[in-house]
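Student: need coordinates for the below:
(2 chains)
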Amino acid sequence: MEREVLLEVKDLEVTFGERKKKYQAVKGVNFKIYKGETFGLVGESGSGKTTIGRAVMRIIKTSGGEILYKGQKINGDILEELDRKVIQEIQMIFQDPQASLNERAKVDYIVSEGLLNIEKGISEKERKERVNQALLDVGLLPEFASRFPHEFSGGQRQRIGIARSLIMKPEFIIADEPISALDVSVRAQVLNLLTRIQKERQITYLFIAHDLSVMRFITDRIAVIRKGEIVEMAETEELITHAIHPYTRALLSAIPMPDPKHEKEKKLMVYDPSIHDYTTDQPFWQEIRKEHYVLANKKEAEEYKKLYER
Amino acid sequence: MERETILEVNDLDITFELRGKQLHAIRGISLELYKGEILAIVGESGSGKSVFTKSFMGLLDKNGSVSGGKAVYYGSDDKVPVELTGIKKEKDWLKLRGHEIAMIMQDPMTSLNPLKTIGAQIMEAVLLHQKGSRAEAKKRTIQYLTDVGIQDPEKRFFQYPHEFSGGMRQRVVIAIAIACNPQILICDEPTTALDVTIQAQILELIKELRLKYKLSVILITHDLGVVANTADRVAVMYAGDIVEIGTSEDIFYDARHPYTWALLSSLPQVGIKGENLFSIAGTPPNLYAEIKGDAFAPRNPQALKIDFVKSPPYFSISPTHKAKTWLLDERAPKADPPPVLKIIREGGLF
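Tutor: Sure, this is the predicted structure:
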């Protein structure tokens, strides 16, 4: 069965600064996100994972490559009609619920701001109804609409952020570290909420995080990104149980597990990029196992293939 | 084996005065910190874990005060016990802060001075807390930088905080704390702002330094997942009280308090894909109001009638392990621990 591709990123490049200060944050990234799935982008700070999310969101400009949404190019200059459609259908949830909500606006306004821009002629009555419904959908009370963000806890603020996306009836949500600023017990609630919304509305997620243990729980497929390049991509369980690239293996070894005996015997792997000798034998994108891609050169690919052979 | 106690807390109460109302942040905690151990204090935001440890250093906000009980420090050079809760003057705190008890904070971005080189910041601590000339102090500073795992310390000595990454800054902050030559090191969420890989390295570093400098460490965190690797003992805190305490093995393999069960079950590491992750219903109690019975009872689906009436005492499970829950009373009905405990015990996470 051919699955429908919702978003396709082709040879994406993002560069910051000019001439001498030029810095390439994203170097030729390719991936596809299928409709209805949760695609995870995992990497450390500075890997470019947020930059990719923002490029798809069109908050920052791309310097090369294409971003196709439902087969239409959405980066660079696009027609106004498509622009409006994309604004409504692609939404983002941010990491820091303290910083991402307007401190001076009431929840009522925060949640419906996007709506006011897209559906200009909306009646006050309908707007109110939609806000109430959005708040209920994320497990908040409609009464909260008249309050200010500082009156809420971190978890509640994150729910307000989610309500503000949902009111737009999006098809695709980019969630950039939506739970890393939250307490462990609240994390569970927000993760459950995101899963429930997905089930009810068939929303597709691009989930960005640095923590593979959260990724394992929520995503269907994962791409591991390091210094602006994707080094490994596979279905979640395949990637976790049969990690190939040394960087992915280092990330996995760093996940803290709630098991003292295992943890005390565990050896922490630290990734050393100098183990790759790419001077003559250049790395390229290869399928090492079924549907499991790794960035490797010919020699490494031979070694990687032996890794899980018995 | 009897272990040497370096810090003893007895029935400590801390109250804050806010707009004429009393907030009872710490409600009668008793705790011992043994020499050379790493004790983790785990709890949600607002459970009082930071306030509790800040009181050992005289760092409570102005409107907060110790309203009962005491904390005694046994680690000073002349072997005279110091009653921390009796210290009133800032001058007396200065003798203690850094030199006896040092603290590292959560955010390495804000705890360094951006206008001074990191060498100068560490050297300041060395000069203040250790005898010797400037040249010696510089030599030691470079040694500390090496000890906390910073490469090329001679060059890094002259660099500013903005030239360091988050993980490296946290290493510098740790170096400053170590340079004060403390007996107790309090780490308040030392890895929350960091990447998972860096987090693992920093925890590893804290373990190494503990042995090298014979430190006793208090590790504060909200994430029970990170302490299995590091802590010798774990204290679980809820609403200003320690509800369960034991060795890491006690807590992870044989937890008894429903709150500890809930914390363990809500970790994404133990979640099953496609199913809802366990989450704790409700919110922590309001500490302005008097808490009747077990503070966790309103959020505990297995709560007994007595939980709402009378606060449970500690029940001892083993010499190292005790918990405050009526479930351990012999008259209580048998409560089943969540399945996740069995999975952890049998090493079923991998």
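Student: drop to CA atoms for contacts and neighbour counts, all remaining ones
Tutor: Noted.
Student: how about the strands in the stretch 151-300 of chain A?
Tutor: Counting by DSSP state E, counting those that start in this stretch, the segments of the stretch 151-300 of chain A that form strands are A:172-176, A:204-209, A:221-226, A:229-235, A:284-289, A:292-296.
Student: and the longest one, how far from the chain's centre?
Tutor: The chain centroid and the centroid of strand A:229-235 are separated by 14 Å, computed with C-alpha atoms, centre = their mean, to the nearest Å.
Student: any idea of the mean pLDDT for that strand?
Tutor: Mean pLDDT, computed over strand A:229-235, is 95.
Student: for the host helix or strand of residue B:51, what does the pLDDT average out to?
Tutor: Here residue B:51, judged by DSSP states H and E, is contained in helix B:49-54. Mean pLDDT, computed over helix B:49-54, is 92.
Student: now residue A:31, nearest residue through space, not along the chain?
Tutor: residue A:9 (5.3 Å; C-alpha to C-alpha, 6 or more residues apart in numbering or on different chains).
Student: please disregard the earlier target; I meant residue B:6.
Tutor: Nearest non-adjacent residue to residue B:6 (C-alpha to C-alpha, 6+ apart): residue B:74, at 4.9 Å.
Student: residues touching that neighbour, list them.
Tutor: By C-alpha atoms under 8 Å, 6 or more residues apart in numbering or on different chains, residue B:74 lies in contact with B:5, B:6, B:7, B:80, B:81, B:82.
Student: give the contact list for the first one.
Tutor: Applying C-alpha under 8 Å, 6+ apart, one finds that residue B:5 lies in contact with B:32, B:33, B:34, B:35, B:74.
Student: now do it against residue B:243, distance only.
Tutor: 21 Å (C-alpha to C-alpha, to the nearest Å).
Student: so which residues on chain A come close to chain B?
Tutor: Contact residues (C-alpha under 8 Å from any C-alpha of the partner chain) of chain A with chain B: A:44-45, A:183-186, A:188-189, A:191-192, A:210-211, A:213-214, A:216-218, A:250-251, A:254-264, A:268.
Student: among those residues, name the ones in helices.
Tutor: A:184-186, A:188-189, A:191-192, A:213-214, A:216-218, A:250-251, A:260-264 (DSSP state H).
Student: returning to that earlier point: so which of the strands of the stretch 151-300 of chain A gets nearest residue A:16?
Tutor: Across the strands of the stretch 151-300 of chain A, residue A:16 has its closest neighbour in strand A:229-235 (15.7 Å, C-alpha to C-alpha).
Student: which neighbouring elements make contact with that closest one?
Tutor: strand A:23-34, strand A:221-226, strand A:292-296 (3 or more C-alpha pairs under 8 Å, 6 or more residues apart in numbering or on different chains; DSSP states H and E).
Student: could I get the buried residue list for the last one?
Tutor: Burial within strand A:292-296, assessed by neighbour count using 16 or more other C-alpha atoms under 10 Å in any protein chain shown, is assigned to A:292, A:293, A:294, A:295, A:296.
Student: got a markdown table for the residues you listed, with pLDDT and distance to residue A:153 too?
Tutor: Formatted as a markdown table, those follow (pLDDT from 0 to 100; distance: C-alpha to C-alpha, whole Å):
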| residue | pLDDT | distance to residue A:153 |
| --- | --- | --- |
| A:292 | 93 | 41 |
| A:293 | 93 | 41 |
| A:294 | 94 | 41 |
| A:295 | 93 | 42 |
| A:296 | 91 | 45 |
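Student: where does confidence bottom out across the contacts of residue B:74?
Tutor: Lowest pLDDT among the contacts of residue B:74: residue B:80, with 88.
Student: just the pLDDT at the residue lying closest to that residue once chain neighbours are set aside, thanks.
Tutor: Distances taken as C-alpha to C-alpha, 6+ apart put residue B:74 closest to residue B:80, at 6.8 Å, once the chain neighbours are dropped. Listed pLDDT for residue B:74 reads 93.
Student: gap between residue B:74 and chain A?
Tutor: Per C-alpha to the nearest C-alpha, to the nearest Å, residue B:74 is found 29 Å from chain A.
Student: where does the prediction get shaky in the stretch 1-150 of chain B?
Tutor: The stretch 1-150 of chain B contains residues with pLDDT under 70 at B:1-2.
Student: whichever residue of it sits closest to chain A: what secondary structure?
Tutor: Nearest to chain A, among the residues of the stretch 1-150 of chain B, is residue B:44, at 6.4 Å (C-alpha to the nearest C-alpha). Secondary structure, DSSP: H, G, I helix; E, B strand; the rest coil: residue B:44 is coil.
Student: burial count for the nearest residue to it once chain neighbours are set aside?
Tutor: Among residues not flanking residue B:44 along the chain, residue B:222 sits closest, at 5.4 Å (C-alpha to C-alpha, 6+ apart). Look at residue B:222: counted by other C-alpha atoms under 10 Å in any protein chain shown, it has 25 neighbours.
Student: how about the residues of chain B near chain A?
Tutor: Applying C-alpha under 8 Å from any C-alpha, we find that chain B lies next to chain A at B:44-45, B:195-197, B:199-200, B:222-229, B:248-249, B:252-253, B:263-264, B:266-269, B:271-274, B:276-280, B:344-345, B:347.
Student: okay, which residue is most central for chain B?
Tutor: residue B:220 (2.5 Å; C-alpha atoms, centre = their mean).
Student: host element of that one?
Tutor: Using DSSP H and E, residue B:220 falls in strand B:216-221.
Student: buried stuff in that strand?
Tutor: B:216, B:217, B:218, B:219, B:220, B:221.
Student: list just the nearest of the residues you listed to chain A.
Tutor: The closest of these to chain A turns out to be residue B:221 (C-alpha to the nearest C-alpha; 9.8 Å).
Student: for that closest one, name its beta-bridge partners.
Tutor: Beta bridges link residue B:221 to residue B:42 when assigned by DSSP bridges.
Student: would you check that it makes contact with residue B:188?
Tutor: Yes: assessed by C-alpha atoms under 8 Å, residue B:221 is found in contact with residue B:188 at 6.8 Å.
Student: give me the phi and psi angles of the residue nearest to residue B:80.
Tutor: Dihedral angles of residue B:74 (phi, psi; degrees, to the nearest 10) stand at phi -110, psi 10.
Student: how near is it to residue B:258?
Tutor: 34 Å.
Student: quick one, helices of chain B?
Tutor: Under DSSP H, chain B gives helices at B:49-54, B:90-96, B:118-129, B:134-147, B:153-156, B:166-179, B:196-212, B:224-230, B:248-254, B:258-265, B:339-345.
Student: list the buried residues in the shortest one.
Tutor: Think helix B:153-156. B:153, B:154, B:156.
Student: likewise for stretch A:145-161?
Tutor: Of the residues in stretch A:145-161, A:145, A:148, A:149, A:154, A:155, A:156, A:157, A:158, A:159, A:160, A:161 count as buried by neighbour count, 16+ other C-alpha under 10 Å.
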